[in-house]
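A.B. asks: My questions concern the predicted model and sequence given below.
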Amino acid sequence: ETGVTQTPRHLVMGMTNKKSLKCEQHLGHNAMYWYKQSAKKPLELMFVYNFKEQTENNSVPSRFSPECPNSSHLFLHLHTLQPEDSALYLCASSQDGYSGTEAFFGQGTRLTVV
Amino acid sequence: QQQVKQSPQSLIVQKGGISIINCAYENTAFDYFPWYQQFPGKGPALLIAIRPDVSEKKEGRFTISFNKSAKQFSLHIMDSQPGDSATYFCAASTILTGGGNKLTFGTGTQLKVEL
């Protein structure tokens, strides 16, 4: 395993629901990431946190709300999603952002919005 | 705008053959070029990576060739095996001002190695 654990692995939610995705890394890394993987599209960076501070929001709609309480945990709070938000959501972590640092990915949460 | 273009979309290779996947980028600020391998139901895992000041890097059966002037790089898998059947993503990285790295991915190549 990569040391990055995501829960739940699968989630089905209605458009009016509120749910949260959880990510935990056991690698001692300082940076954590949310990526979105949709069919036939490149993995797309959503948010970056470094030492608990958000350093990147890649123009993500406000219905996605990240939270990083410490360097080991990352959440993605979801509310009033659209069917087009159905995708695999991947969490990743890396050591501090010097050039060439490897990103370790979790197995992802497969989200279906109905 | 897709900043990293990857081809082919899918590839079928015979066992023992060479698999070649190509990528091209536009942003000269990229400073690190990793390749990720993803199996069904798993997250991507780093396979091999190269910096732009190196023209080639080899790790076992996997080789990256890098052409900085053409802004192209490729992955070669020698002696391809059925266990190599997976989706391969090229990526390019930049450091974010506030910390962390931004990986820009290609669209992926689905490789199937047949017996």
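C.D. replies: Good, I have the coordinates. Residues are numbered from 1 along each chain as shown, chains lettered A, B, ... in the order given.
A.B. asks: so what's residue B:22 closest to, chain neighbours aside?
C.D. replies: In space, residue B:22 comes closest to residue B:74 once its chain neighbours are excluded; the distance is 4.7 Å by CB to CB, 6 or more residues apart in numbering or on different chains. All C-beta spots, glycine's among them, are computed from the backbone N, C-alpha and C.
A.B. asks: what are the pairing partners of the host helix or strand of residue B:37, and which direction each?
C.D. replies: Using DSSP states H and E, residue B:37 sits within strand B:33-38. Strand B:33-38 pairs in its sheet with strand B:45-50 (antiparallel), strand B:86-95 (antiparallel), by DSSP bridges.
A.B. asks: looking at those, which is buried most?
C.D. replies: strand B:86-95 (a mean of 22; mean count of other CB atoms under 10 Å in any protein chain shown).
A.B. asks: Need the residues that contact that one.
C.D. replies: Residues from elsewhere that reach strand B:86-95 (CB atoms under 8 Å, 6 or more residues apart in numbering or on different chains): A:42-43, A:97-100, B:3-4, B:6, B:21, B:23, B:25, B:27, B:29-39, B:44, B:47, B:73, B:75, B:101-106, B:108-111.
A.B. asks: repeat that for 7 Å
C.D. replies: Strand B:86-95 is contacted from outside by A:43, A:97, A:99, B:4, B:6, B:21, B:23, B:25, B:29-39, B:44, B:73, B:75, B:101-106, B:108-111, using CB atoms under 7 Å, 6 or more residues apart in numbering or on different chains.
A.B. asks: chain center to that strand, what's the gap?
C.D. replies: Between the centre of strand B:86-95 and the centre of its chain there are 6 Å (CA atoms, centre = their mean, to the nearest Å).
A.B. asks: what about the strands in chain A?
C.D. replies: Ranges of strands in chain A, per DSSP state E, are A:4-7, A:10-13, A:18-25, A:31-37, A:44-50, A:53-57, A:64-70, A:73-79, A:87-94, A:104-105, A:109-113.
A.B. asks: looking at chain B, which residue ends up farthest from its center?
C.D. replies: For chain B, the largest distance from the centre (CA atoms, centre = their mean) belongs to residue B:98, which lies 26.5 Å off.
A.B. asks: in a strand, that's where that one is, yeah?
C.D. replies: No: going by DSSP: H, G, I helix; E, B strand; the rest coil, the assignment for residue B:98 is coil, not a strand.
A.B. asks: So what's the residue count around the nearest residue to it once chain neighbours are set aside?
C.D. replies: Spatial nearest neighbour of residue B:98, excluding adjacent residues (CB to CB, 6+ apart): residue A:55 at 3.2 Å. Per other CB atoms under 10 Å in any protein chain shown, the neighbour tally for residue A:55 reads 19.
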